[in-house]
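Peer 1: Structure for the following, please:
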Amino acid sequence: MSNITSSTPGTELVLDVSKSRKALVAGSLGNLVEWYEFAIYAYMAPIIAPLFFPSENPTASILSTFLLFALAFFLRPIGALIFGRMTDRIGRKPVLALIIGLMSVATTCIGLLPTHEAIGLLAPLLLTLCRIAQGISAGGEMGGAVSLMVESAPANKRGVYGSWSFVGTTLGFVLGGGVATLLAVLLSDDAMASWGWRIGFLLAAPMGIVVLYLRLKVDETPHFKQVKVETEAGDLPSPAETARRPLTYLLTTLGVVVVYNAVGNTFMVGMPTFLSTSYNMSFERSYFLALVTGLIAGLTMPLFGALSDRIGRRPVLLFGSVAVVVLSYPLYSMLKWGFGGGLVALIIAGILIGVVGGPMPAFLSERFRTRNRATGVSVTYALSVAIFGGTAPYIITWLASATGDPLSAAYYTLGCAIISVVALLTIRGSQRNQHREELEL
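Peer 2: Residues are numbered from 1 along each chain as shown. You can find the predicted model right below:
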């Protein structure tokens, strides 16, 4: 069994390669299941909208469904605070197991809910409660999983290890979209509206059981173990002292994450509905294009995560954010050319998601100390995704409907990317050496 020594200021940590790989698998698969569960809701939105929010205006029904989609994201900061602090105090392993259990139960329950026709207003109320449970549990998932994976990684591979957290996220979108596409192809419209939509949600149960088992088998991270030992020995400052960060530091960190949340949630999650409502593209084709975007993003993230291990997080993130600013409007313009133009546009969008997503988990981890890392990463990511990610499908659908011009949706991703460019430009220090910063205890 081979070991790798990873140095941190004032201590030597020995990493077991096999345990590092188990942490990588348990963390990334947990993210996959979490975002599969979010994606299946987004992809099924056009189908379940009239079932839970009946209205004479189809757009109003869809917007109501996306409001619940956004609600789960707005609740993520609450879950981030709750589960983030638990993860930093109790450990990465037990809390991540609890999170995946709660998330999977909530998603499975959605698949069992009666519709508005059966129980009236109680149907959307129960759906809302399930989305609340999803949002709170998901709030702590990212910080815990990223901490587990990056703290278990060799120092020179934190970028590529961390990237697999977002690969899991992206492939969760792909899997959710794949299931939705398969159901749409195999089942008639009547069957989908009657019972077929439930299948995607019910699949969360077996998937959650598998990941729960893997997370119960994973070992605690060496960084957390070291902090626990030094805390018990009284060798570390108080949590309040280690948690202090200037407000500008936290806002800058949040600003960097904006581009990933905006681009990912527009071009993957919200795109099927956007294409079907704005360009009358069939659900099968729009689902397929979103799948291509997610697949390309998932394949490229480790490449750009590895690149950030060589040249630094900031240069890669800055390049990706600037590229989103430049290409947002052209990509949306290509969507009006039909399936062929959409395919090219969304392949490029997938690469952009890979550029900004690959280095992001390691970047976030290196911005916080071990004693508060799960809380810091969870809260920062949750705030960004709540404000700029969960609202993205709603905003682009609303912009296209309100203005009568689908191209107006491009200004959302463009504006969000500008925020990240400004945030990255405020980060000082050597661009080449930032990736060599150690994970602080």
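
Peer 1: just for the chain, where's the confidence low?
Peer 2: Along the chain, the parts satisfying pLDDT under 70 run over 1-17, 55-61, 69, 230-245, 429-441.

Peer 1: One more pass at 50, please.
Peer 2: Scanning the chain for pLDDT under 50 picks out 1-12, 236-243, 430-436.

Peer 1: can you give me the strands in it?
Peer 2: Along the chain, the segments classed as strands by DSSP state E run 3-8, 11-16.

Peer 1: who touches the residue lying closest to Ala39 once chain neighbours are set aside in this structure?
Peer 2: Residue nearest to Ala39 in three dimensions, not counting chain neighbours: Gly176, with 2.9 Å by CB to CB, 6 or more residues apart in numbering. From N, CA and C alone the C-beta is placed, and that goes for glycine too. Counting by CB atoms under 8 Å, 6 or more residues apart in numbering, Gly176 touches 35-40, 42-43, 200.

Peer 1: same deal with Met281?
Peer 2: 275, 338-339, 342.

Peer 1: got the residues you listed as JSON lines, with distance to Leu212 and neighbour count columns?
Peer 2: Supplementary listing: those in JSON lines, determined by distance: CB to CB, whole Å; neighbours: other CB atoms under 10 Å:
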{"residue": "Leu275", "distance to Leu212": "35", "neighbour count": "23"}
{"residue": "Gly338", "distance to Leu212": "43", "neighbour count": "12"}
{"residue": "Phe339", "distance to Leu212": "40", "neighbour count": "15"}
{"residue": "Gly342", "distance to Leu212": "38", "neighbour count": "26"}
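
Peer 1: Go through these and flag which are in helices.
Peer 2: Among the contacts of Met281, the members found in helices (DSSP state H) are 275, 339, 342.

Peer 1: is it true that the first one touches Leu335?
Peer 2: Yes. At 6.8 Å, Leu275 counts as touching Leu335 under the criterion of CB atoms under 8 Å.

Peer 1: can you give me phi and psi for Asp219?
Peer 2: Phi and psi for Asp219, reported as degrees, to the nearest 10, are phi -90, psi 160.

Peer 1: what about it, neighbour count?
Peer 2: Neighbour count of Asp219, defined by other CB atoms under 10 Å: 17.

Peer 1: That one - nearest residue in space that isn't next to it in sequence?
Peer 2: Counting by CB to CB, 6+ apart, Asp219 lies nearest to Lys19, which is 4.8 Å off, once chain neighbours are set aside.

Peer 1: now do Met44
Peer 2: Excluding the flanking residues, the one nearest Met44 by CB to CB, 6+ apart is Trp197, at 5.0 Å.

Peer 1: thinking the one you found is in contact with Leu183, fair?
Peer 2: Yes. Counting by CB under 8 Å, Trp197 touches Leu183, with 7.4 Å between them.

Peer 1: Neighbour count for these two, which is higher?
Peer 2: Counting neighbours by other CB under 10 Å for Trp197 and for Leu183 shows that Trp197 has the greater number, 24 against 21.

Peer 1: For Ala191, see how far away that one is.
Peer 2: Per CB to CB, to the nearest Å, Trp197 is found 9 Å from Ala191.

Peer 1: now swap in Val146 and tell me
Peer 2: Taking CB to CB as the measure, Val146 falls 40 Å from Ala191.

Peer 1: between those two, which one's more packed in?
Peer 2: Each of Val146 and Ala191 has its neighbours counted (other CB under 10 Å); Val146 has more, 28 against 12.

Peer 1: so what's Asn248 up against?
Peer 2: Just to correct that, residue 248 is Thr rather than Asn. Residues near Thr248 by CB under 8 Å, 6+ apart: Thr426.

Peer 1: gap between it and Leu254?
Peer 2: Distance, Thr248 to Leu254, using CB to CB: 11 Å.

Peer 1: Okay, helices next: where are they in the stretch 151-300 of the chain?
Peer 2: Ranges of helices in the stretch 151-300 of the chain, per DSSP state H, counting those that start in this stretch, are 158-186, 189-191, 197-202, 204-217, 222-232, 239-243, 247-264, 271-279, 283-311.

Peer 1: quick one, which of the ones you listed is nearest to Arg92?
Peer 2: helix 222-232 (6.1 Å; CB to CB).

Peer 1: Off-centre distance for that closest one?
Peer 2: Taking CA atoms, centre = their mean, to the nearest Å, one finds helix 222-232 lying 28 Å from the centre of the chain it belongs to.

Peer 1: And that helix, what's buried?
Peer 2: Using 16 or more other CB atoms under 10 Å as the burial criterion, the residues of helix 222-232 that qualify are 222-224, 226-228, 230.

Peer 1: Closest to Leu214 out of those residues?
Peer 2: So of the buried residues of helix 222-232, ranked by how close each gets to Leu214 (CB to CB), first place is Phe224, at 18.2 Å.

Peer 1: center of the protein, which residue is that?
Peer 2: In the chain, the C-alpha nearest the mean C-alpha coordinate belongs to Thr169, at 5.1 Å (CA atoms, centre = their mean).

Peer 1: I figured it was touching Gly30, is that so?
Peer 2: No. Checked against CB under 8 Å, the pair Thr169 and Gly30 is beyond contact range at 10.0 Å.

Peer 1: which residues touch the residue nearest to Met44?
Peer 2: The contact partners of Trp197, by CB under 8 Å, 6+ apart, come to 44, 47-48, 51, 183.

Peer 1: As a markdown table, these with distance to Leu383 would be great.
Peer 2: Shown next, in a markdown table, are these (distance: CB to CB, whole Å):
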| residue | distance to Leu383 |
| --- | --- |
| Met44 | 27 |
| Ile47 | 31 |
| Ile48 | 28 |
| Leu51 | 32 |
| Leu183 | 34 |
